[in-house]
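S.K.: What follows is a predicted protein model with its sequence.
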Amino acid sequence: MTETTQTETLGFQTEVKQLLQLMIHSLYSNKEIFLRELVSNAADAADKLRFEALTQPELLEGDSELRVRVSFDPAAHTITIEDNGIGMSRADAITHLGTIAKSGTGDFLRQLSGDQKKDSQLIGQFGVGFYSAFIVADEVEVTSRRAGLAANEGVRWTSRGEGDFDVATIDKAERGTRIVLHLKDGEHDFADGWRLRSILKKYSDHIGLPIQMPKEGGEEGAAIEWETVNRASALWTRPRTEISDAEYTEFYKHVAHDHSDPLAWSHNKVEGKLEYTSLLYVPGRAPFDLYHRDAPKGLKLYVQRVFVMDQAEQFLPLYLRFIKGVVDSNDLSLNVSREILQSGPVIDSMKAALTKRSLDMLEKLSSDKPEQYATFWKEFGQVLKEGPAEDYNNREKVAGLLRFASTRGEADAQTVSLADYIGRMAEGQDKIYYLTGESYSQVRNSPHLEVFRKKGIEVLLLTDRIDEWLMGYLTDFDGKGFVDIARGDLDLGALESEADKQEQEAAAKDKQGLVERLKNVLGDDVAEVRVSHRLTDSPAVLAIGEQDLGLQMRQILEASGQKVPDSKPVLEINPGHPLIAKLDAEADGARFDDLGRVLFDQAALAAGDSLKDPGAYVARLNKLLLELSA
């Protein structure tokens with residue numbers, strides 16, 4: 001190789017500088033991950049070349065045997081990782097090795113905890129695997145040439161991780177990338193054949209192309225004889241009985257670029273009308289961009305074991321975007337493109353089957369390992385709640401996987417399934433009751449729960465911002481309809497005795513005059529005033545109209561700048577409360593008006609709403625307090 005005059009020194013992006021300082025000056029409990037990351041990158045480069053060569057066979061340049069080679073020099077204290085994959089141009093090297101335009105390193109840095117073991121595990125999750133080389137090396141040299149470019153268009157990238165890097169144009173006869181790590185003092189023991197083989201066997205045995213190392217025992221001065229140190233067969237193509245849990249786990253870490261273990265996996269081969277193999281994983285933690293619905297997502301797609309697409313999102317619905325894995329099909333064309341994958345009976349059939357398999361995997365996790373499912377729910381529960389709206393055919397199945405807090409639960413833990421709730425229903429109960437709100441403390445202390453506590457009826461407490469939207473699509477489960485206890489005129493059906501109903505009718509008749517007086521005072525602020533049968537302790541409560549938006553949804557729409565349909569609440573009063581009795585007996589018109597307004601505003605506050613005129617409320621309250629103290 002000869003260097004030309006096109007050499008320049010460039011600075012790292014600011015966040016890369018911070019990352020490099022972290023790599024260089026911190027001690028990690030698992031330093032050997034650098035080799036796994038660099039070998040995985042090399043394997044990805046081979047996959048990309050294999051795919052591009054389908055339509056441009058000249059890119060293979062007469063060398064179609066793709067492989068990764070790892071060698072070492074104990075005297076020079078170096079390790080070399082070399083592949084004959086797609087390679088990089090000068091622009092590629094500057095973009096991919098000098099910036100973090102697509103790596104997410106900023107989010108990586110924000111999630112650092114100070115725990116060295118946990119922090120090191122973030123490497124890979126944020127696409128910063130290349131920089132892990134600086135864990136063990138004080139200088140990294142990369143030489144590369146992109147397939148299809150002339151031999152004199154190679155590039156050499158070097159850096160000591162001190163804030164800048166050098167880029168030079170070089171001659172490179174072979175396509176692909178060669179990385180030389182100059183090991184730090186104290187890390188020289190990595191330049192050892194036995195140790196490197198052990199690391200490769202541990203982390204990279206599943207990679208589907210040969211990883212080669214120089215054969216041991218060769219004569220000095222003789223040509224290097226390379227031997228393959230991994231199985232070199234795609235893990236998903238092997239029988240399940242031949243794959244250990246450890247191998248499944250390591251393959252997940254490779255395919256998901258995640259250093260934590262998966263919670264569950266499902267390996268399946270389909271034969272018959274359609275032929276494909278899938279290996280799906282449930283991660284143990286959420287990626288930083290989980291809630292960015294436009295972020296890249298999907299399964300790795302192979303066609304007849306040829307890599308086609310890194311993030312094929314067409315095989316799973318959006319609410320399952322956290323599922324990782326691979327799908328290898330015999331029924332898709334090798335020249336498959338994103339446009340072809342948009343629709344078609346084969347894609348639709350595979351999507352339906354993979355969706356069902358993913359949900360079955362979650363169902364099995366929930367029944368067999370409830371503690372691990374609790375971890376899954378904490379990380380991915382809000383995303384799964386998108387399911388009933390997006391996937392009508394699997395609505396019931398998704399609903400069975402949902403978890404909620406309830407009046408019988410502990411604190412605000414979301415541990416109650418709908419099946420649990422139905423199994424504990426009171427005698428005569430045929431509805432699933434729930435209440436939405438901004439926080440657990442607000443809904444737990446809501447006046448709407450009073451009659452349910454009195455009768456011993458469990459109520460689900462929904463406090464995630466997505467919950468009201470979710471319940472707009474989740475109308476029933478296992479034949480039981482859902483009822484929002486803050487909406488409409490509450491009807492408990494068979495849970496109320498005939499005596500209860502007669503008592504309610506008598507109370508409504510007795511307080512008819514008070515109801516009319518309050519309606520005159522509140523005017524257009526309410527849709528209706530009526531006697532309540534949901535209250536036992538509170539004087540009043542606000543109910544939402546059957547067709548009106550709830551407070552949670554109104555606040556979301558208003559925050560996003562959307563116009564919210566006008567609606568008015570219903571004020572319900574407790575006929576047995578002492579305050580209501582005093583209000584009914586109040587003859588002073590002005591004082592009645594003040595008391596009626598305070599009653600309405602307090603009900604709004606209890607519902608979690610904000611007051612239209614807080615100043616007027618405070619003035620009325622102060623006036624009443626002064627009268628009491630006089």
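M.R.: Now that the structure is in, tell me what you want to look at.
S.K.: only C-alpha atoms for contact and neighbour calcs from this point on.
M.R.: Fine.
S.K.: looking at this protein, which helix or strand is least sure?
M.R.: helix 116-121 (a mean of 45; mean pLDDT, DSSP states H and E).
S.K.: From the chain's centre, how far out is the helix or strand containing V142? Work that out for me.
M.R.: Using DSSP states H and E, V142 sits within strand 137-145. Offset of strand 137-145 from its chain centre (CA atoms, centre = their mean, to the nearest Å): 34 Å.
S.K.: other SSEs contacting that strand?
M.R.: For strand 137-145, the elements it packs on are strand 154-159, strand 176-183, judged by 3 or more CA pairs under 8 Å, 6 or more residues apart in numbering; DSSP states H and E.
S.K.: now the stretch 501-630 of the chain, which segments are flagged as low pLDDT?
M.R.: Counting by pLDDT under 70, the stretch 501-630 of the chain contains low-confidence ranges at 558, 560, 630.
S.K.: show me where it has helices.
M.R.: Remark: helices assigned in the stretch 501-630 of the chain by DSSP state H, counting those that start in this stretch are 512-522, 551-559, 578-585, 589-606, 614-629.
S.K.: Deepest in the core, which of these is it.
M.R.: Mean neighbour count (mean count of other CA atoms under 10 Å) peaks for helix 589-606 among the helices of the stretch 501-630 of the chain, with a mean of 19.
S.K.: what residues does that helix touch?
M.R.: 442, 446-447, 518, 521-522, 539-542, 571, 583, 586, 610-611, 617, 620-621 (CA atoms under 8 Å, 6 or more residues apart in numbering).
S.K.: 6 Å instead, please
M.R.: V521, A540, V541, L542 (CA atoms under 6 Å, 6 or more residues apart in numbering).
S.K.: nearest residue to the first one other than its sequence neighbours?
M.R.: Think V521. Closest residue to V521 apart from its sequence neighbours, by CA to CA, 6 or more residues apart in numbering: D593 at 6.0 Å.
S.K.: how about the strand or helix carrying W194: buried residues?
M.R.: Assigned by DSSP H and E, W194 falls within helix 193-204. Under the neighbour-count criterion of 16 or more other CA atoms under 10 Å, helix 193-204 has G193, L196, R197, I199, L200, K201, Y203, S204 buried.
S.K.: Tell me the helix or strand right after that helix.
M.R.: The helix or strand immediately downstream of helix 193-204 is strand 211-214, counting by DSSP H and E.
S.K.: partners of whichever helix or strand comes after that next one in the sheet?
M.R.: Remark: after strand 211-214, the chain's next helix or strand is strand 226-228, criterion DSSP H and E. In the sheet containing strand 226-228, its partner strands are strand 211-214 (antiparallel), by DSSP bridges.
S.K.: ok, which stretches of the stretch 251-400 of the chain are helices?
M.R.: 338-341, 345-368, 370-384, 387-390, 395-401.
S.K.: out of these, which comes closest to A45?
M.R.: helix 338-341 (20.0 Å; CA to CA).
S.K.: Now that closest one: average pLDDT?
M.R.: On average, the pLDDT along helix 338-341 is 51.
S.K.: With stretch 407-426 instead?
M.R.: Mean per-residue pLDDT for stretch 407-426: 90.
S.K.: do the same with stretch 434-449
M.R.: The model assigns stretch 434-449 a mean pLDDT of 90.
S.K.: who touches it?
M.R.: Residues contacting stretch 434-449 (CA under 6 Å, 6+ apart): V459, L460, L461, L462, T463, D484, I485.
S.K.: Recalculate using a threshold of 8 Å.
M.R.: Residues from elsewhere that reach stretch 434-449, judged by CA under 8 Å, 6+ apart: 407, 412, 459-465, 467-468, 482-486, 534-535, 537-538, 541, 551-552, 606-608.
S.K.: still on that earlier bit, lowest-confidence stretch among the helices and strands packed on strand 137-145?
M.R.: The lowest average pLDDT among the helices and strands packed on strand 137-145, as it happens, falls on strand 154-159, at a mean of 94.
S.K.: any idea which helix or strand comes after that strand?
M.R.: Taking DSSP H and E, what comes next after strand 154-159 is strand 164-170.
S.K.: Next, the angle strand 154-159 makes with that next one.
M.R.: 160 degrees (axes from the mean of the first three to the mean of the last three CA atoms, to 10 degrees).
S.K.: and strand 164-170, what does it pack onto?
M.R.: strand 3-11, helix 90-98, strand 154-159.
S.K.: Report the distance from it to the chain centre.
M.R.: 38 Å.
S.K.: and the residue lying closest to V140 once chain neighbours are set aside, bridged to which residues?
M.R.: Spatial nearest neighbour of V140, chain neighbours left out: L181 (4.9 Å); criterion: CA to CA, 6+ apart. Applying DSSP bridges to L181 gives these bridge partners: I79, V140.
S.K.: Help me confirm that L181 comes into contact with T80.
M.R.: Yes: if you go by CA atoms under 8 Å, L181 and T80 touch, sitting 6.3 Å apart.
S.K.: if we can go back for a sec, next, count neighbours for the residue nearest to V140.
M.R.: The local packing of L181 (other CA atoms under 10 Å) involves 21 other residues.
S.K.: Same check on K509?
M.R.: The tally of other residues near K509 (other CA under 10 Å) stands at 12.
S.K.: Check T55 too.
M.R.: Quick note: T55 (other CA under 10 Å) scores 11 neighbours.
S.K.: And what about S71, helix, strand or coil?
M.R.: When classified by DSSP: H, G, I helix; E, B strand; the rest coil, S71 comes out as strand.
S.K.: Which residue is the nearest non-sequential neighbour of it?
M.R.: T80 (5.2 Å).
S.K.: Tell me which of the helices and strands packed on strand 137-145 sits nearest to A75.
M.R.: Nearest to A75, of the helices and strands packed on strand 137-145 and by CA to CA, is strand 176-183 at 11.1 Å.
S.K.: what's that closest one in contact with?
M.R.: With CA under 8 Å, 6+ apart, strand 176-183 has contacts from 42, 76-88, 133, 136-147.
S.K.: buried ones in the strand holding V142?
M.R.: Result for strand 137-145 [16+ other CA under 10 Å]: buried residues A137, D138, E139, V140, E141, V142, T143, S144, R145.
S.K.: Next, the contact list for the second one, please.
M.R.: Read that as D138. Per CA under 8 Å, 6+ apart, neighbours of D138: I24, R160, G161, L181, H182, L183, K184.
S.K.: orientation of the strand or helix carrying A46 relative to helix 193-204 in degrees?
M.R.: Assigned by DSSP H and E, A46 belongs to helix 33-52. Angle between the axes of helix 33-52 and helix 193-204 is 60 degrees (criterion: the same axes, to 10 degrees).
S.K.: send the alpha carbons of helix 33-52 over as PDB?
M.R.: C-alpha atoms of helix 33-52 as PDB (Å, rounded to 0.1, in the frame of the first residue of the first chain):
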ATOM      1  CA  ILE A  33     -16.700  -7.300  24.300                       C
ATOM      2  CA  PHE A  34     -14.500  -5.200  21.900                       C
ATOM      3  CA  LEU A  35     -13.800  -8.400  19.800                       C
ATOM      4  CA  ARG A  36     -17.400  -9.300  19.600                       C
ATOM      5  CA  GLU A  37     -18.400  -5.900  18.400                       C
ATOM      6  CA  LEU A  38     -15.700  -5.600  15.700                       C
ATOM      7  CA  VAL A  39     -16.400  -9.200  14.500                       C
ATOM      8  CA  SER A  40     -20.100  -8.500  14.300                       C
ATOM      9  CA  ASN A  41     -19.400  -5.300  12.300                       C
ATOM     10  CA  ALA A  42     -17.200  -7.400   9.900                       C
ATOM     11  CA  ALA A  43     -20.000 -10.000   9.500                       C
ATOM     12  CA  ASP A  44     -22.500  -7.200   8.700                       C
ATOM     13  CA  ALA A  45     -20.100  -5.900   6.000                       C
ATOM     14  CA  ALA A  46     -20.000  -9.400   4.400                       C
ATOM     15  CA  ASP A  47     -23.800  -9.600   4.500                       C
ATOM     16  CA  LYS A  48     -24.100  -6.200   2.800                       C
ATOM     17  CA  LEU A  49     -21.700  -7.300   0.000                       C
ATOM     18  CA  ARG A  50     -23.500 -10.500  -0.500                       C
ATOM     19  CA  PHE A  51     -26.800  -8.700  -1.000                       C
ATOM     20  CA  GLU A  52     -25.400  -6.000  -3.300                       C
END
